[in-house]
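J.: Next comes the sequence, and after it the predicted model I'd like to discuss.
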Amino acid sequence: METFKNIDWHPTLEDLIDDVFIRDERMQDESAMYKILTDCFKDPFEDIESEYAEVDVEQIKQLSDDIDISVDMEEEKFKNKDSVQEEKSYVPGIRKLPFNFPRRSCLSKPQQAMCLRVLLKLSTKEYMLTDVQRAEMEAYMALQKQITKEQTEFLDFAKSKWDNNLTHMIKCNKYVIEKWKAKVRRLQQLPRYYIECKNIPLSVQEININTSTKKKIKVEFVTCLKQVSFFEVTLPKLDQPCKLSMNPENLLRKYQPCVVFDKATEHFRFPVSEDEYCEKFALETKADLIISSSGLKCLLNNLDYKHTNTWAIPVVIKSHNEKNFVYIDKKLPPLIATVPEKNTWVYKYILRYYFVDAKNKSLENAEKYKLDKSAVHLDSDDSECSYSSINHLKDYEKDLYLSDTDESEFASENEVPETHKNVSYKVFTIEPAEFVDQHDQVTHAVKKYRMLVRTKTEGIEVSSDGKSLPLILAPKMEHQLGFGAEATTLEEGIHQWASLMFTPEASLARVRIEADTSEVIQIERHMTTSLSSEMKRLYNVKVEDSLSILHNIIEVLSFLTPGRYILKHVPQNGSFAYVYKNVEESGKNVLDLHAIYQDAKFQTASITPWPLIDNMMTTPAIKCFNKMPAMFNAYSPKPVVSTRPRGRPKKKPTQAPLRRSLRGKITNKE
């Protein structure tokens, strides 16, 4: 016992219960080890069966089963909840930046969430506001100065982090090169030598100076002679990741570049100047200008006040019954392009593959082309050509719309070539709508021109009410999702506006795609009005002014003598495009078209300019985190703390003094 007691346990003061380490009485009563050593230890589980003799084992089992069932149900419910949460938890475009922002936002989280609600409300163009929404709108406007200042700082920071070398991010570069080479081979079939003969102003200011008048141009749809494809566009819901991975070989096999076509069945693959149907329709409708949508986009894309774009486009002027017919073909292939421009170009085909062709393989043997006779309706002013147009359509109905047999001759690997779809021939008029000076309207002849436009669309979209309308797909590449959505460039906006302008009843789906992973981030819907507002907000230009440039080009070209021309613009020409007429031989100041492309390669610009972040465009990630676009992360407001010093006791309320009139009564009552 003494030996046991002399063991040094080094106890801490907090563990001491008695004034000595262990009292003898406590050792004898509580120490199991002491009892074992003295041979007086009793097993506590001895005779345990007798203690449970009266327990109802069956009842315990039943209770145990009920508990297990309830636990299983809770676990299953929890799993289902997790799976539902997992399905809803996917948000496209959430990216973590490899660096931290330099500071926090000047707005708190509730303030940014409120501003985001106002921004989303403004985008709906619904002007009926509740009292709460009106109050939030006023608060948002009051914060505009702070928001604008912070967004400027945010964009400067984003620009400082931009990597301008993106050459490693080109998608399907092999396909891009093969497509470009096919365009160059077709270009080599054009006449070689041209000499400058005229210039055309490309700015509204210059046009107004030359004509001594200011006029607004309008375009009106007249009639549609079209080939219709029943292929339906199927857009993803984006409730799960959607990646547009594409192998260059598959893309080449599906949309193989070609130079030689069959004029009878693939007439729409030729330039409009060589398309037999363009010529027939032009004669029947007395069109002044015959142009493709590609040519239209090139001519309309000249609103940049710096005029930095470079382009060249073939022009053919034919004469019939002393009337000139101006044919404007597709623009010539560029010699250099940035990485985003190349990716945007190739993703037009990738989008078509994923959202149209891959979804409609079962329709390959069905009829794909049908004449929309009901669409043939000319204005009352055009009654002279209504009858001949309808007769012409009847004559060409069998030739224009291919039979199943004809299609099978050109099918490859049991696939219908993508070129056999969605080509339309439409007639429009373009004329001055109004003059600022009424005197100008009297002194200047109002010239109305008729345009025959050949367009292609990706397919149709069936609405909830069963109506089928054309849908145009436009890819938009995203390179810095951690900062937000990139702003649509002026060229992209004008091209998209032109596509909608000359495709009546169509809508546009802008598909935002991350350049690095090919993941679809967002799909925006646009009409001409929304695109016009977007370009006005971003670049302070009126897209409608491009129609004045187009009208002026038609006016100048229609007075040229028949022949072949090149309409060309380079930045050195400023706000003027130069017209070059074909000549037989080379000489001084002669443009050698073939020499420009001799031994040329489709180069990639080594430096990609920083793409502006749109400070008004929301993305799924921005909505998920309830933050404003192009702003730093919001700060969390501090909780409201009582200003009363800690530790000071609350004062007890003092009893108010009794009125004199009551003192006696209370005393007497007591």
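T.: Received it, and whenever you're ready, just let me know what you need.
J.: Helices along the stretch 501-650 of the chain, start to end?
T.: Secondary structure of the stretch 501-650 of the chain (DSSP state H, counting those that start in this stretch): helices at 528-539, 546-557, 593-597, 620-624.
J.: mind showing which ranges of the stretch 351-500 of the chain have poor pLDDT?
T.: Low-confidence regions of the stretch 351-500 of the chain, defined by pLDDT under 70, span residues 359-421, 434-446.
J.: and if we set it to 90?
T.: For the stretch 351-500 of the chain, residues meeting the criterion pLDDT under 90 lie at 356-424, 433-447, 456-469.
J.: got it, and the stretch 101-250 of the chain?
T.: Low-confidence segments of the stretch 101-250 of the chain, defined by pLDDT under 90: 122-130, 163-169, 203-216, 224-232, 245-250.
J.: Please enumerate the strands of it.
T.: When assigned using DSSP state E, counting those that start in this stretch, the strands of the stretch 101-250 of the chain occupy the ranges 193-201, 215-226.
J.: So for M616, which of the ones you listed sits nearest?
T.: M616 lies closest to strand 215-226 among the strands of the stretch 101-250 of the chain, at 27.6 Å (C-beta to C-beta). To be clear about C-beta, it is placed using only N, CA and C from the backbone, and glycine gets the same treatment.
J.: quick one: contacts for the residue nearest to E458 when sequence neighbours are not counted?
T.: Take E458 and drop its neighbours on the chain: the residue closest to it by C-beta to C-beta, 6 or more residues apart in numbering is L473, 4.7 Å away. Taking C-beta atoms under 8 Å, 6 or more residues apart in numbering as the contact definition, L473 lies against 233, 348, 351-352, 355-356, 458, 508-509, 511.
J.: ok so, going back, export the strands of the stretch 101-250 of the chain as CSV, with columns for distance to K181 and mean neighbour count.
T.: Output for the strands of the stretch 101-250 of the chain, formatted as CSV (distance: least, C-beta to C-beta, whole Å; neighbours: other C-beta atoms under 10 Å):
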stretch, distance to K181, mean neighbour count
strand 193-201, 23, 17
strand 215-226, 31, 18
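J.: Turn the ones you listed into JSON lines, columns for distance to I207.
T.: JSON lines is the format used below for these (distance: least, C-beta to C-beta, whole Å):
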{"stretch": "strand 193-201", "distance to I207": "5"}
{"stretch": "strand 215-226", "distance to I207": "9"}
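J.: out of these, nearest to L252?
T.: Short answer: strand 215-226, nearest of those by C-beta to C-beta, at 29.2 Å.
J.: Which strands or helices does the closest one pack on?
T.: Applying 3 or more C-beta pairs under 8 Å, 6 or more residues apart in numbering; DSSP states H and E, one finds that strand 215-226 contacts helix 276-285, helix 383-400, strand 423-435, helix 546-557.
J.: CA atoms only for it, dumped as CSV, please.
T.: These are the backbone C-alpha positions of strand 215-226, laid out as CSV (Å, rounded to 0.1, in the frame of the first residue of the first chain):
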residue,chain,number,x,y,z
LYS,A,215,-31.9,62.4,-95.4
LYS,A,216,-33.1,59.4,-93.4
ILE,A,217,-33.0,56.1,-95.3
LYS,A,218,-35.6,53.4,-94.9
VAL,A,219,-35.7,49.8,-96.1
GLU,A,220,-39.0,47.9,-96.7
PHE,A,221,-39.6,44.3,-97.4
VAL,A,222,-41.5,43.6,-100.6
THR,A,223,-41.6,39.9,-101.5
CYS,A,224,-39.9,36.6,-100.8
LEU,A,225,-39.0,33.9,-103.2
LYS,A,226,-37.4,31.4,-101.0
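J.: just to revisit the earlier point, please convert the buried members of the contacts of L473 into PyMOL selection syntax.
T.: This is the PyMOL syntax for the buried subset of these, where burial follows 16 or more other C-beta atoms under 10 Å:
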select buried, resi 233+351+352+355+356+458+508+509+511
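J.: Among the contacts of L473, which are located in helices?
T.: Cross-referencing the contacts of L473 against helices under DSSP state H gives 348, 351-352, 355.
J.: Need the max-distance pair from these.
T.: Going by C-beta to C-beta, the two entries of these that are most distant from one another are K348 and F355, at 11.2 Å.
J.: tally of neighbours for L37?
T.: The criterion is other C-beta atoms under 10 Å. On that basis, L37 has 12 neighbouring residues.
J.: sorry, that was for V579
T.: For V579, the number of neighbouring residues by other C-beta under 10 Å comes to 19.
J.: Pull up the gap between it and S586, please.
T.: Relative to S586, V579 is positioned 19 Å away (criterion: C-beta to C-beta, to the nearest Å).
J.: ok, now A498?
T.: Going from A498 to S586 by C-beta to C-beta gives 36 Å.
J.: Compare neighbour counts for those two and give me the winner.
T.: Neighbour totals were compared for A498 and S586, and A498 leads with 26 against 12 (other C-beta under 10 Å).
J.: part of a helix, is that one?
T.: Yes: if the criterion is DSSP: H, G, I helix; E, B strand; the rest coil, then A498 is within a helix.
J.: is it true that it touches S293?
T.: Yes: the criterion here is C-beta atoms under 8 Å, and A498 meets it with S293 at 7.1 Å.
J.: Between the two, which contacts overlap?
T.: Both A498 and S293 lack any common contact, where contact means C-beta under 8 Å, 6+ apart.
J.: Indicate which one of the strands of the stretch 101-250 of the chain is closest to P562.
T.: For the strands of the stretch 101-250 of the chain, the distance to P562 is smallest for strand 193-201, at 13.5 Å, taking C-beta to C-beta.
J.: Output the closest one as CSV - backbone C-alpha positions only.
T.: Provided in CSV are the C-alpha atoms of strand 193-201 (Å, rounded to 0.1, in the frame of the first residue of the first chain):
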residue,chain,number,x,y,z
TYR,A,193,-5.9,43.7,-113.3
TYR,A,194,-7.8,46.8,-112.2
ILE,A,195,-7.3,50.5,-112.3
GLU,A,196,-8.8,53.2,-110.0
CYS,A,197,-11.7,55.1,-111.5
LYS,A,198,-13.8,56.6,-108.7
ASN,A,199,-14.2,57.0,-104.9
ILE,A,200,-17.3,56.6,-102.7
PRO,A,201,-17.7,58.3,-99.3
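J.: Direction included, what does that strand pair against?
T.: Looking at strand 193-201 with DSSP bridges, its paired strands and their directions are strand 576-583 (antiparallel), strand 590-592 (antiparallel).
J.: wait, which of the ones you listed is closest to P639?
T.: Between the strands paired with strand 193-201, strand 576-583 lies closest to P639; by C-beta to C-beta that is 64.9 Å.
J.: what's the angle between that closest one and helix 546-557?
T.: 30 degrees (axes from the mean of the first three to the mean of the last three C-alpha atoms, to 10 degrees).
J.: Understood, closing this out.
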